[in-house]
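# 3D model of this:
(2 chains)
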Amino acid sequence: MREVAIIAYAQTPLVRDCGSKNDVELVMEVVHAVKKQLNFTNKDIDFFCSGSCDYLGGSAFAFVNALDALGAVPPINESHVEMDAAWALYEAWLKIQTGHANTALVYGFGKCSQGDLPDVLTLQLDPYYTQPLWPDSISLAALQAQALLDAGKITEADMARVVQQSRANAKAKPTAQLKGDFTVEQLLAEPKLVSPLRRHDCPPVTDGASAVILATREVAERFHKRNAYITGIDHRIESHQLGTRDLTDSLSTRLAAAGAGVAKGKVDIAELHAPFSHQSLLLKQALGLDDSTKINPSGGALAGNIMMSQGLSNFGEVAQRIIKGEANRGVAHATSGACLQQNLVAVLEGK
Amino acid sequence: MSEKIEMIECPVTLSYNFSAGAAPTRFLRGMKDGRLTGQRSPLTGKVIVPPRGACPESGLPTSEEVALPDTATVITFTIVYLPIPTSKLDPPFVVAKLVLDNSDQTFILLVSGCANEDVKIGMRVKAVWKDQSEWDYSMDNIAYFEPTGEPPVDIEALKTRRLAEARQYIEKKAGSK
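Numbering: from 1, shown residues only, chains lettered A, B, ... in the order given. A predicted model of the protein is given here:
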């Protein structure tokens, strides 16, 4: 295995509506920022890979338009996934493993304010039996939360504590969308949005983009004395048939965590892509983490959730803390699909 | 025994608030006033219209505005014989890639005001604007382009001349710093 590190990270401010900026303008912000951190030009980048979803803006080939932000003359080596950009990072990591690249720039973007996001996400469901019923993403998450409550695996107070922690952690992040000090009692006094979920149990709708640069050890050591290396990475998917899944567990996360080797050492921090509060509790259990791991120091998806780039942002958030020496070993997680259908887990270590 | 269901219809509808982007917004504001405005690439000196925010060659933002005339040259074209769903256009009609004078990027517009058979590559054309009362933040303010009657242009020569002009602009800018 070639040693691959994350050597640069940038994210736009997490906002409900980024105004008149289009995809190109969002992507330019983060792509230029990561290149500037390293004084890189396109000549220094062997591979570009992105993650986005054309349904967010409702325009076909929006991801091709966004390429204007890269500068593709002379031609660049480029690819795209219609998934969270964490999976674009996985593709870039593989590209480096094959020896076809030593460096890669990965970015993701989502201007979610253009449509009704919970409805847009309905279109990712099985088109024959589930999608025609139009269950939106919040209703499906509510089903999962209720299943967890019914099974006695969590309580509503547990969910409120996740929100409380997220809002508190996000205070340290100037660009976070939702932050502040709340008590569990305050949160539980809020009305239900879709029972058993309250508004704060759900992720905010966020416009934004993020980008990272990956590099082999030889390149990485030119920039940081201490680097955040990806020492394990795996992703697994479960059935699209919600009825065949155990929604009170996350089997795909368990398998991916085993594949990535999460349990091989102490985990200092974990950035979990848990759009809904109960999913944070579920993921913590599936990943085998205990209270010695600091969960979502950035605030996580409840503090700002850039569709298609939140998973990638988690890699950047963990790497940044490892490079600074705040942590030695961390987990970055990404999810996709309804009720944590697909999960990607990576272990990052400082060396 | 209940009725056997063989088919159901499940229409999919989503509505969006389209945002053009900061750079296209400046272009569309110009259109509302009947002005065509390109934006110049800081790297290549080329004038991009309609602008989308970045110079696609360099990935750099295009902030310098360039006022453009509403005359253009036909780079290539096709005659459409089939009706297009949701389009009010009555076939056959001509869809052409035009390059506006003093700009370096083609865009697709209608050519009319002559027989379809008379449209040629290199033909000089001019915008026919709709009545000012109909102007909006839209390219649709131009109904179509029609021939000016000027002699046709050699598009290879046009390309060479434009590239030289863009280069000169960049050199002049570098020299003045």
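# could you use CA atoms for every contact and neighbour count after this?
Will do.
# name the residues of chain A found near chain B, please.
Within chain A, the residues that sit near chain B (C-alpha under 8 Å from any C-alpha of the partner chain) are A:19-25, A:28, A:57-58, A:67-74, A:113-116, A:119-120, A:132.
# now the buried members of these.
For those, a burial check counting by 16 or more other C-alpha atoms under 10 Å in any protein chain shown picks out A:21-25, A:28, A:57-58, A:67-72, A:113-116, A:119-120, A:132.
# now, which of those residues lie within helices?
Counted as lying in helices by DSSP state H, out of these, are A:D23, A:V24, A:E25, A:M28, A:D119, A:V120.
# might one say that the fifth one is in contact with A:L133?
No - at 11.3 Å, A:D119 does not count as touching A:L133 under the criterion of C-alpha atoms under 8 Å.
# can you pull the pLDDT of B:L89?
As predicted, B:L89 sits at a pLDDT of 87.
# can you map out the helices along the stretch 151-300 of chain A?
Ranges of helices in the stretch 151-300 of chain A, per DSSP state H, counting those that start in this stretch, are A:156-169, A:184-188, A:217-220, A:251-260, A:277-286.
# out of those, which gets nearest to A:E317?
The closest of the helices of the stretch 151-300 of chain A to A:E317 is helix A:156-169. By C-alpha to C-alpha, the value is 12.8 Å.
# who touches that closest one?
Contacts with helix A:156-169, where a contact means C-alpha atoms under 8 Å, 6 or more residues apart in numbering or on different chains, come from A:149, A:178-184, A:187-188, A:196, A:200-201, A:277-278, A:280-281, A:296-300, A:302-303.
# could you report the neighbour count for the residue nearest to A:Y229 when sequence neighbours are not counted?
Leaving aside its sequence neighbours, A:Y229 sits nearest to A:A5 (C-alpha to C-alpha, 6 or more residues apart in numbering or on different chains; 4.0 Å). A:A5 sits with 28 neighbouring residues when counted by other C-alpha atoms under 10 Å in any protein chain shown.
# and A:A5, that's in a strand?
Yes - assessed with DSSP: H, G, I helix; E, B strand; the rest coil, A:A5 lies in a strand.
# what about it, distance to chain B?
Distance, A:A5 to chain B, using C-alpha to the nearest C-alpha, to the nearest Å: 25 Å.
# quick one, strands of chain B?
With strands called from DSSP state E, chain B shows them at B:36-40, B:47-48, B:64-68, B:71-80, B:93-100, B:106-111, B:124-129, B:142-147.
# contacting residues around the longest one?
This points to strand B:71-80. So strand B:71-80 is in contact with B:91-101, B:106, B:116, B:120-127, B:153, B:155, going by C-alpha under 8 Å, 6+ apart.
# and it, how far out from the chain middle?
11 Å (C-alpha atoms, centre = their mean, to the nearest Å).
# that older thread, the ones in helices among the buried ones among the residues of chain A next to chain B: which two are farthest apart?
Largest pairwise distance in those, by C-alpha to C-alpha, is 28.1 Å, between A:M28 and A:D119.
# between the ones in helices among the buried ones among the residues of chain A next to chain B, which is nearest B:E3?
Using C-alpha to C-alpha, A:D119 is the member of these that lies nearest B:E3, at 31.2 Å.
# give me the beta-bridge partners of B:R124?
Beta bridges link B:R124 to B:T73 when assigned by DSSP bridges.
# contacting residues around the residue in the stretch 51-200 of chain A that chain B sits nearest to?
Proximity of the stretch 51-200 of chain A to chain B (C-alpha to the nearest C-alpha) peaks at A:G71, 3.7 Å away. A:G71 sits next to A:N42, B:C55, B:P56, B:E57, B:S58, B:G59, B:L60 when contact means C-alpha under 8 Å, 6+ apart.
# try it again at 7 Å.
For A:G71, the contact set (C-alpha atoms under 7 Å, 6 or more residues apart in numbering or on different chains) comprises B:P56, B:E57, B:S58, B:G59.
# great, nothing more from me.
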